[in-house]
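>>> Dropping a prediction and its sequence here:
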Amino acid sequence: MSTSTDTLDLPDVRLHYELRGEGPLIALIGAPMDADAFAPFAEELATDHTVLTSDPRGAKRSVLRDRSVGSSPQQRAADLAALVEHVDRGPAIVFGSSGGAVTSLALAQSRPDLAATVIAHEPPLLELVPDRVEQRQLTDELTAAALSGDRVGAWRLFFRQANIPMPEEMLAQWFGGESDADEQFWFRYELPGSVRWEPDIDVLRSRAGSLILGIGEESVDQLCERTTTALGVQLDIEPTRFPGDHTGFVDHPAEFAARLRESLAALAGH
């Protein structure tokens, strides 16, 4: 299936975005995941949707004019709102994963007119868990390690906090090299901004009929299962289990797309 690529210039960032398929608009967003990571999943959905993917601000091809402006969920939601308005095929179904799930919730709060339905898959909202103070300290420790140049140490702490087993040999293999500018940007701005974002529960509760919370079937006992469950309790929404773990849409794109279609159909039937 053909993919068109383009850019949208905003005052502080040039956003890279891609479009596939025809039909109702669905936007797939990550943070830090970029458009490339969503490509196989996007292909599955593009058989009957127009699929919008993009690189989040400060990552890969979405270039900030001044990187010190950072990346908060509110900023990324404003970027996505601008993209949805620009492609002029909305309102959109919005699927957000991880930090992108936080973005999707921020968009649901700020521009509900552009987000017909929001699927928030494993948003890492650490302020919602009982041990939030400890989680803040762990986030501070791992970001300090990353910004001091201890890349392996930072990722070791990250996976420990997430409660995802990661053997030392894999840490060395994946993270033994130098950290690049995008990764440093993520540790400095995007990660802390996402995990410390506090949703407006009253606003989201008013939109509960158009919200789906997702948790991976293989994410049992992981930190993002805890955060998503905590949000579900506050919103009185039972999370939906999706194939795989935190990145199930990457590992199982066809199965994940099928579950997403089922979930959207069930939501529409209520």
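Yes, it's here. Numbers count the residues shown, from 1 in each chain.

>>> quick check: domain ranges of this protein?
3-129+197-269, 132-191 (automatic domain parsing).

>>> What's the mean pLDDT across stretch 206-223?
Across stretch 206-223, the average pLDDT comes to 97.

>>> ends of it, how far apart?
26 Å (CA to CA, to the nearest Å).

>>> Give the buried residues for it.
For stretch 206-223, a neighbour-count test (16 or more other CB atoms under 10 Å) marks 207, 210-216, 218-219, 222-223 as buried. In this view, the C-beta of every residue, glycine as well, is placed from N, C-alpha and C.

>>> got it, and stretch 44-56?
Quick answer for stretch 44-56 (16+ other CB under 10 Å): 44-46, 49-56.

>>> what distance separates the start and the end of it?
Length of stretch 44-56, first residue to last, CA to CA: 21 Å.

>>> mean confidence score for it?
Here stretch 44-56 scores 98 as its mean pLDDT.

>>> Centre of the chain to it, how far?
Remark: stretch 44-56 is offset 15 Å from the chain centroid, using CA atoms, centre = their mean, to the nearest Å.

>>> Repeat that for stretch 176-194.
Taking CA atoms, centre = their mean, the mean C-alpha location of stretch 176-194 is offset from the chain mean by 15 Å.

>>> Dump the buried residues of stretch 206-223 to a markdown table, plus distance to residue 9 and secondary structure.
Shown next, in a markdown table, are the buried residues of stretch 206-223 (distance: CB to CB, whole Å; DSSP: H, G, I helix; E, B strand; the rest coil):
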| residue | distance to residue 9 | secondary structure |
| --- | --- | --- |
| 207 | 30 | coil |
| 210 | 30 | helix |
| 211 | 31 | strand |
| 212 | 32 | strand |
| 213 | 34 | strand |
| 214 | 32 | strand |
| 215 | 37 | strand |
| 216 | 36 | strand |
| 218 | 40 | coil |
| 219 | 37 | coil |
| 222 | 38 | coil |
| 223 | 37 | helix |
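
>>> Among those residues, which one lies nearest to residue 267?
Using CB to CB, residue 212 comes nearest to residue 267 of the buried residues of stretch 206-223, at 6.2 Å.

>>> secondary structure class for the closest residue to the closest one other than its chain neighbours?
Using CB to CB, 6 or more residues apart in numbering and skipping residues adjacent in sequence, the residue nearest residue 212 is residue 119, 4.4 Å away. Here residue 119 is strand, with the state taken from DSSP: H, G, I helix; E, B strand; the rest coil.

>>> Would you enumerate the residues in contact with residue 119?
93-96, 104, 211-214, 260, 263-264 (CB atoms under 8 Å, 6 or more residues apart in numbering).

>>> Please tabulate the residues you listed in CSV, including the columns distance to residue 69.
Formatted as CSV, the contacts of residue 119 follow (distance: CB to CB, whole Å):
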residue, distance to residue 69
93, 29
94, 23
95, 26
96, 21
104, 21
211, 29
212, 31
213, 30
214, 30
260, 33
263, 35
264, 35
